[in-house]
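>>> Structure of the sequence below:
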Amino acid sequence: MQLHKIRSAASICWMAVTAMTLFLAGCGSGSGQPGGPPPTPEVATVTIEPRQVELTTELPGRTSAYLVAEIRPQVNGIIKKRLFKEGSDVKAGQLLYQIDPAPFQVALDSAKASLGKAQANLPSIRLKAERYKELLADKGVSRQDYDDAAAAMEQAQAEVAYWKSAVEAARINLGYTRVTAPISGRIGKSSVTDGALVTAYQAMALATIQQLDPIYVDVTQSSAELLRLKRHLEAGRLSADGEKARKVRLLLEDGTPYPLEGTLQFRDITVDPATGSFTLRIVVPNPNHLLLPGMFVRAVVQEGIAEQAILVPQQGVSRTPKGEPIALIVDEAGTVQQRLLSLNRALGDQWLVSSGLIPGDRVIVEGFLNIRPGAKVKAVAWEGPKAGAQAPKTKSSSATGP
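Residues are numbered from 1 along each chain as shown. Reported below is the predicted structural model:
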């Protein structure tokens, strides 16, 4: 009886092992090719094609008024009336302040009276000198009498000229009691009120007028960057674009683009020894007064045109443990090769490559997971959202690439 139980248990174990073996064999035969080679990895590539790219530099800068006029009195007196609204636009020649004109009117009237008196005395003195001259020829008067008459006439003429100048000076001073705007623009706050005493050419300005349309933008650029650009132009890696190179776009403080283009007016010829940079002055239309003096902006200045630029998507560039940029390409035999790159700068979502790639190279941008240099892969064209699109023309930064 005991032997029968042992044989039954052994039979059950054998049947279980047989069933498991058949089950595993069935699972393995599902693929039809048990133990066969893995499929060739598929990667997405971008074919390098040189293209023309406009290179630009973003430079920080500040706005400043096109014209600035500080209003100061040219005569002493009491402010009788302020005739403008603070913060408003004024025109050249517009009356801003009226200084009490009464004492200057009196001075003008007095000078006119003295001139009239001198002019009234002049005819009789002139006639006397002319008669003495005739009598001198006939020995009717002495030489001394004639000389005295001639001197008196010259003195009377000089007195007339003096009072004419005094009248003109009094008229000018009376005109200076009307303080007018020398330029058109926006006037700021007034530093004096009605009844205030002012003095001629005082240190404190009565108000300041600034012309805001157009407006200046002063940006700084390093002298080292200028030397680099000149070398690239001389070597033919960049070409100038004539009049278009003088056009400048602006980015406001919040990053939004300014709607109107400016014009590069000049580059300063002096380098600041403290910063190693020099100033570029840009003239920008400002009809709506969106730009105000002292505002921070960024100017997008054209460096030149790269006729045969090589661009590669940034996702196709990785780094070695030392930080060196590299790219994986697929050669004609379908083998993965590694290339060490030299990058210039970022243009949007792409790198501008200085060296390491040549036209026709197929750069891998997707499918890195199961590949390595020397592996066989199947290359397909990348169908990303920007594949084959033109690179941005003006989105580079002032810093060179890594």
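>>> residue ranges with poor pLDDT in the protein?
Per-residue confidence for the chain (pLDDT under 70) gives these ranges: 1-37, 226, 228-245, 384-402.
>>> Domain map for it?
Partitioning the chain according to automatic domain parsing yields domains covering residues 46-64+213-381, 73-93+183-204, 102-176.
>>> Nearest to T40, out of these?
Closest approach to T40 among those (C-beta to C-beta): domain 46-64+213-381, 5.0 Å. Heads up, the C-betas are built off the backbone N, CA and C, glycines and all.
>>> Secondary structure element holding the residue nearest the centre of the chain?
The chain has A299 as the residue nearest its centroid, 3.5 Å off, counting by C-alpha atoms, centre = their mean. In this assignment (DSSP states H and E), A299 forms part of strand 296-313.
>>> and that strand, what does it pack onto?
The criterion is 3 or more C-beta pairs under 8 Å, 6 or more residues apart in numbering; DSSP states H and E, and the helices and strands that strand 296-313 contacts are strand 51-71, strand 207-222, helix 223-235, strand 247-251, strand 277-284, strand 350-355, strand 362-366.
>>> Which neighbours in the sheet does the first one have, and how are they oriented?
Spelled out, it's strand 51-71. Paired with strand 51-71 in the same sheet, following DSSP bridges, are strand 207-222 (antiparallel), strand 296-313 (antiparallel).
>>> Wait, S64 touches G294, no?
Yes. Between S64 and G294 there is a contact under C-beta atoms under 8 Å: 7.5 Å.
>>> T63: neighbour count?
Residues lying near T63 (other C-beta atoms under 10 Å) number 21.
>>> Could you pull up the residues touching it?
Taking C-beta atoms under 8 Å, 6 or more residues apart in numbering as the definition of contact, the neighbours of T63 are I215, Y216, V217, D218, V284, L291, L292, P293, G294, M295, V297.
>>> for the second one, what are its contacts?
Applying C-beta under 8 Å, 6+ apart, one finds that Y216 lies in contact with T63, S64, A65, Y66, R281, I282, V283, V284.
>>> how about the closest residue to it other than its chain neighbours, what does it touch?
If you skip the residues right next to it in sequence, Y216 has S64 as its closest partner in space, 4.6 Å away by C-beta to C-beta, 6 or more residues apart in numbering. Taking C-beta under 8 Å, 6+ apart as the criterion, S64 is in contact with I215, Y216, V217, D218, P293, G294.
>>> Show me what the second one is bridged to.
It refers to Y216. Y216 has the following beta-bridge partners by DSSP bridges: S64, V283.
>>> Got phi/psi on the closest residue to L250 other than its chain neighbours?
Here the nearest residue to L250 in space, its sequence neighbours aside, is Y258; by C-beta to C-beta, 6+ apart that works out to 3.8 Å. Backbone dihedrals for Y258, given as degrees, to the nearest 10, come out at phi -80, psi 140.
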